[in-house]
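In: Using only what follows, build the 3D model:
(one chain, ligands or ions: 1)
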Amino acid sequence: MRRKLVAGNWKMNMSFTEADDLISGILEDIDSNGIPENVEAVVCPPALYLELATDMASGKELFVGAQNVSEYENGAYTGEISAAMLESVEVDYCIIGHSERRQYFDESDEALAGKVNMLLKHNIKPIFCCGELLDDREDDMHMDVVSTQLEDGLFHLTEEEMSKVVIAYEPVWAIGTGKTATPEQAQEMHAFIRALVAKKYSQASADACMILYGGSCKPDNAAELFSQPDVDGGLIGGASLKATDFISIIRSA
Ligand code: PEP
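Out: Have a look, this model is predicted:
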C-alpha cells in the first residue's frame, strides 16, 4: 500500500517566535496522540527557520521541507540557498516548481529540472508541483499543460531517481482562492498523472509514486479528497499555519 503524505507550505509567513510556536503546537499533538500509521507529516517553513524546524523535529514523527533551492551547486549566486546547505541542516524534502515560483519568479521547466537533479544529488526528496491555470482548464488544455510540466521538469530522471520524487498536483485556480477542485477533478488528474508515470517508467513505479493534491485543502474537505484512490495526501498552504487545522488534515489522510 502507498504511504500518504501531508506537507504544510508556510510560504512567506511567520516570525521566528510564531514558527517556534507552530512547530511546538504540531509536535505536542503528535507526541500525545501519534499520527496515523502510513502517514508522513512534513512542515515547510521559510528557509530562515529550517534549522529550528529540523532541531525541533529530530527524533519525532515530523519531517521538514524547504520551499525552494538553487539549481546551482555553490558560488556567486547572491541570495540563493543550495541543496548542499539544505542537506547540511538535515532537510528531508523540498518543494519545487510551486506555481507562485513559476508565475512570480519565472521559473522555467529547464531550471526546475536542474533543481530536481541538485536535490537528488544531496539526498533531499523533491515535492514537484504541477498544475494548470484557470484558462487552461476552460480551454480543456489542463492535461496537456500538466503532461508538459512533468515531461520537461521531471521525466529526464532514471526510474531509480523517480522513486524518490513526490508529485503535487495543484490547480493554480484553487491555490489560496478557497475554490477547491472537486474530488472527481482531483481524481481524474491524479489518475492521468499516474498513467503518465506508468507509460514513461513502469506500472510498478506508477503504483509506488505519491501524488498529492494542493489547492484550498482544509479540515472540512481533506477527508473526501484524500479518499480518492489516486490522491495520496496533500500540499497545504493557508490551513498549515494553524496547528489544529494542520493536525486535523493529517488525521484525514
Ligand atoms: C499551496 O500554496 O501549495 C496551497 C495549496 O495553498 P492553499 O492551501 O492556501 O490553497
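In: Kindly state the pLDDT recorded for the closest residue to the ligand within the chain?
Out: In the chain, the residue that lies nearest the ligand is residue 237 (2.1 Å; C-beta to the nearest ligand atom). Glycine gets a C-beta too; all of them are placed from N, C-alpha and C. Here the pLDDT value assigned to residue 237 is 97.
In: Repeat that for the one 4 residues further on.
Out: As predicted, residue 241 sits at a pLDDT of 98.
In: In this structure it contacts residue 12, no?
Out: No. Applying C-beta atoms under 8 Å as the test, residue 241 and residue 12 come out as separate, 11.4 Å apart.
In: So which of those two has more stuff around it?
Out: It is residue 241, of residue 241 and residue 12, that has more neighbours when counted by other C-beta atoms under 10 Å, with 17 against 7.
In: Can you tell me the number of residues neighbouring the residue nearest to residue 176 when sequence neighbours are not counted?
Out: Take residue 176 and drop its neighbours on the chain: the residue closest to it by C-beta to C-beta, 6 or more residues apart in numbering is residue 237, 5.9 Å away. Neighbour count of residue 237, defined by other C-beta under 10 Å: 22.
In: show me what contacts residue 237?
Out: 8, 9, 11, 175, 176, 214 (C-beta atoms under 8 Å, 6 or more residues apart in numbering).
In: Write the ChimeraX selection for whichever of the residues you listed are buried.
Out: What follows is the ChimeraX syntax for the buried subset of those, where burial is set by 16 or more other C-beta atoms under 10 Å:
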select :8,9,11,175,214
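In: Please report the distance of the residue of the chain closest to the ligand from residue 126.
Out: Taking C-beta to C-beta, to the nearest Å as the measure, residue 237 falls 18 Å from residue 126.
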